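# From the sequence below, what's the structure:
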Amino acid sequence: MCCTSNQSKNRHGAVFANWQTVPTKSLPWNPHPKFAGVFLRHLVTGKETGGRMSLHHVRIDPGCVIGDHTHVDQVEIHDVLTGAGACTLAGTKIPYTPGVVGVMPSDQVHRVEAGDKGLLLLATFSPPLV
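I've put the predicted structure just below:
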């Protein structure tokens, strides 16, 4: 069964914004409101970018899925950091491995599936998600 939490995938580092440094590991993982086994860590919000963009770690536990969805008037960019899986964008399946970057145009249906070791993405949204 999918969707067991795996805190061992925390990445270390820091976020420097508004002349403050915040250790990444001190930022909380927030459960996704719709998709079980999916967690977001808000690294940079619209508050820090004047409402232009936001950046988030997205952790998808092994075997879990961010199901079909769209972002109205919002572009989303995925940078695969660790793990493996696949993104399906408008019916085309894209293998996700570290180093792959995927661009989700606004209003396009997409989904992301984690493989058996889970998946960690850096997701950028413009305009911001939060």
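# Okay, helices next: where are they in the protein?
Using DSSP state H, the helices of the chain do not appear at all; there are none.
# Low-confidence stretches in it?
Counting by pLDDT under 70, the chain contains low-confidence residues at 1-12.
# Partner strands of the longest strand along the chain and their direction?
The strand spanning the most residues in the chain, taking DSSP state E as the definition, is strand 110-126. Partner strands for strand 110-126, per DSSP bridges, with pairing direction: strand 54-60 (antiparallel), strand 65-69 (antiparallel), strand 75-89 (antiparallel).
# Determine which of those approaches Val22 most closely.
For these, proximity to Val22 was assessed by C-beta to C-beta; strand 54-60 is nearest, at 12.6 Å. Every C-beta, even on glycine, is put in place using the N, C-alpha and C of the backbone.
# Mind telling me which residue is nearest the centre of the protein?
When the chain is reduced to its mean C-alpha position, the closest residue under C-alpha atoms, centre = their mean turns out to be Val58, at 2.9 Å.
# what's the nearest residue to that residue if we skip its chain neighbours?
Nearest-residue entry for Val58: Leu121, 4.4 Å, with adjacent residues in sequence omitted and distances by C-beta to C-beta, 6 or more residues apart in numbering.
# need the contact list for the one you found.
Residues in contact with Leu121, defined by C-beta atoms under 8 Å, 6 or more residues apart in numbering, are 57-58, 60, 78-81, 96, 112.
# List only buried entries from those.
Buried residues within those, counting neighbours by 16 or more other C-beta atoms under 10 Å: 57-58, 60, 78, 80-81, 96, 112.
# what would the residues you listed look like in a markdown table with distance to Gly67?
Formatted as a markdown table, those follow (distance: C-beta to C-beta, whole Å):
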| residue | distance to Gly67 |
| --- | --- |
| His57 | 19 |
| Val58 | 14 |
| Ile60 | 11 |
| His78 | 15 |
| Val80 | 19 |
| Leu81 | 21 |
| Tyr96 | 16 |
| Val112 | 9 |
